[in-house]
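**Q** How does the following fold in three dimensions:
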Amino acid sequence: MKLHDLRPKPGAKHRKKRVGRGIAAGGGKTAGRGTKGQKARAGGGVPPWHEGGSLPLVRRMPTKRGFKPPYRVEYYEVNVEKLNVFPEGTEVTPEALVEAKVIKNLKRPVVILGRGELKVALKVKAHRVSKGAREKIEAAGGSVELLPLK
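**A** Have a look, this model is predicted:
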């Protein structure tokens with residue numbers, strides 16, 4: 001058997017029906033489009049999302065509206081009050097936060113936010129720190145270092 005001997009099984013391929021070639025051909029006159037109407041015209045028809053005049057689904061759904069930036073960065077948010085679990089003088093890194101079970105994993109960058117009070121001096125290393133959180137960490141005698149985003 002050679003490449004030119006290969007053929008599909010008998011009955012597997014059907015010839016395309018040629019419509020609009022006269023009554024005797026079997027697909028003449030309206031060529032399978034019915035009589036008149038939008039779908040009978042050349043270039044006619046409605047888009048798949050058309051719902052016949054009722055309010056479209058996309059406009060009925062309040063949650064699906066708006067714009068989501070494709071390159072936005074989602075952070076793990078850690079408030080200053082959660083850092084009180086660490087002893088005085090500890091270096092708080094994303095890895096240390098995972099060990100202390102403050103965040104789940106290292107898939108996302110970490111942002112430190114300013115809710116609550118900080119009672120211990122810590123060396124905080126995070127990808128982002130809010131202005132209020134930085135003030136509270138430094139007021140407690142700690143320091144802040146920013147890590148680069150990946």
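**Q** Tell me which residues touch the residue with the largest distance to the centre of the chain, please.
**A** Within the chain, residue 24 marks the point farthest from the mean C-alpha position, 54.7 Å out by Cα atoms, centre = their mean. Residue 24 makes no contacts at all, as judged by Cβ atoms under 8 Å, 6 or more residues apart in numbering. (C-beta placed from N, C-alpha, C; glycine too.)
**Q** quick one: it from residue 32, how far?
**A** 15 Å (Cβ to Cβ, to the nearest Å).
**Q** same check, this time on residue 116
**A** 71 Å.
**Q** Likewise for residue 56?
**A** Taking Cβ to Cβ, one finds residue 56 at 29 Å from residue 32.
**Q** Same question for residue 85.
**A** For residue 85 relative to residue 32 (Cβ to Cβ), the value is 73 Å.
**Q** After the longest helix along the chain, which helix or strand is next?
**A** Ranked by residue count and defined by DSSP state H, the top helix of the chain is helix 131-139. Remark: after helix 131-139, the chain's next helix or strand is strand 143-146, criterion DSSP states H and E.
**Q** Show me what that next one is packed up against.
**A** Using 3 or more Cβ pairs under 8 Å, 6 or more residues apart in numbering; DSSP states H and E as the contact test, the elements touching strand 143-146 are strand 123-126, strand 128-129, helix 131-139.
**Q** rewinding a little: now for the longest helix of the chain, which elements pack on it?
**A** strand 110-113, strand 143-146.
**Q** hey, which of those strands is tucked in deepest?
**A** Among the helices and strands packed on helix 131-139, ranked by average contacts under mean count of other Cβ atoms under 10 Å, first place goes to strand 110-113 (a mean of 21).
**Q** Alpha carbons of that one, in CSV - could you do that?
**A** Extracted in CSV, the C-alpha atoms of strand 110-113 (Å, rounded to 0.1, in the frame of the first residue of the first chain):
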residue,chain,number,x,y,z
VAL,A,110,2.5,40.6,49.7
VAL,A,111,1.2,44.0,50.7
ILE,A,112,1.3,45.2,54.3
LEU,A,113,-1.7,47.4,55.2
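**Q** helices or strands next to it in the packing?
**A** Against strand 110-113 (3+ Cβ pairs under 8 Å, 6+ apart) you get strand 76-79, strand 123-126, strand 128-129, helix 131-139.
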